[in-house]
Each structure stands twice: as C-alpha cells, then as structure tokens.
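K.L.:
after the sequence you'll find the predicted model.
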Amino acid sequence: MTVAKIWRKIPEHYNLIGKKCNDCSELYFPPREVCPKCGSMEMQDFQFAGRGKITTFTIIRTHQKDEETNEASFRNTPYALAIIQLDGGPMLTAEIVDCDFSEISIGKEVVVVFRKILEKGEKGVIQYGYKFRLADD
C-alpha cells in the first residue's frame, strides 16, 4: 500500500469508521460512497463500537510468497483469520490476536485492538490497523 493510500485510510483503519446511509440506515464497512441497498449517495461517517462475534475462522499455517522476491512474506505464521459480524453492522475479515488458537470458536465475542500491520524495510513506512482479540468473559 502506498503512503498516500495509507494516509487516506487512517479513519477506517485506526478508528473503525464506516458509512451509514441517510435514507435506509444501512451500515457499511469499509466505507462506500453509494448505498448498494437503495442507491442513495447521502452517506455519513459512522463510528463502529469495535465489538462483534466470530462467524467463521481459519488458522493460516503456511507463508505467503512475495511475488517479486519469491521469499516468505512479512507475516509470521501461524495466525488466526476470522470473519467478524460487527454489532449492529456488517461483516469484516480480521486477524484474531492475543490468545491461544484453542480458545477461538464460532460465536465468541471479540473487541477491536490496534496493532502494527506491516513495515516497509528498516526505515520504511509502518502501517497500523485493526485486529481483534477475544472479549473478556
């Protein structure tokens, strides 16, 4: 992701800000400029609470290869990836962190946390964004 794109996406990546349709009240994340449900262009920013439930998940155990260098990607494996139904809103895909994989299950409640996503070289851009952790019982 380019530096300019990272800066443009700060509201959604750092604050979990999506859009709400003024006409039909449908919620969207990531943000949309036009409501797919009713076609309205009257959209306003919407701050999601950062809570949700796991609808499905998987554990990724193999490295992804960088297309240019054919080397393992920046991401350490294994890691848990889940589709999360936000409270009162849409679904999104995110990594589940700060827990043992055996604790993750469908229906578990999660809360948003902000973590480093990637770093471009030793002196490059560091990108932060949302991930989720299991909610305290």
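P.N.:
Perfect, thanks for sending it. Numbering: from 1, shown residues only.
K.L.:
give me the domain ranges for the protein.
P.N.:
1-48, 49-137 (automatic domain parsing).
K.L.:
what's the mean pLDDT across the shortest one?
P.N.:
What that stands for is domain 1-48. In this model, domain 1-48 has a mean pLDDT of 83.
K.L.:
one more: stretch 102-109?
P.N.:
In this model, stretch 102-109 has a mean pLDDT of 97.
K.L.:
quickly list what the most centrally placed residue in the chain is bridged to.
P.N.:
If you average the C-alpha coordinates of the chain and look for the closest C-alpha using CA atoms, centre = their mean, you land on Ala94, 4.3 Å from that point. On the basis of DSSP bridges, Ala94 is bridged to Ala82.
K.L.:
Gly39 versus Ile83, what's the distance?
P.N.:
Using CB to CB, to the nearest Å, one gets 26 Å for the distance from Ile83 to Gly39. Heads up, the C-betas are built off the backbone N, CA and C, glycines and all.
K.L.:
the more surrounded of those two?
P.N.:
Neighbour totals were compared for Ile83 and Gly39, and Ile83 leads with 15 against 10 (other CB atoms under 10 Å).
K.L.:
list the contacts for the more buried one?
P.N.:
54-57, 91-93 (CB atoms under 8 Å, 6 or more residues apart in numbering).
K.L.:
identify the residues contacting stretch 27-45?
P.N.:
Around stretch 27-45, the neighbours that count as contacts under CB under 8 Å, 6+ apart are 11-12, 16-24, 26, 46, 48, 86, 88-90, 92.
K.L.:
which among these end up buried?
P.N.:
Restricting those to buried positions leaves 12, 16-21, 26, 46, 48, 86, 89, 92, with burial counted as 16 or more other CB atoms under 10 Å.
K.L.:
next step: those restricted to strands.
P.N.:
Using DSSP state E, 17-21, 46, 86, 92 are the members of the buried ones among the contacts of stretch 27-45 that sit in strands.
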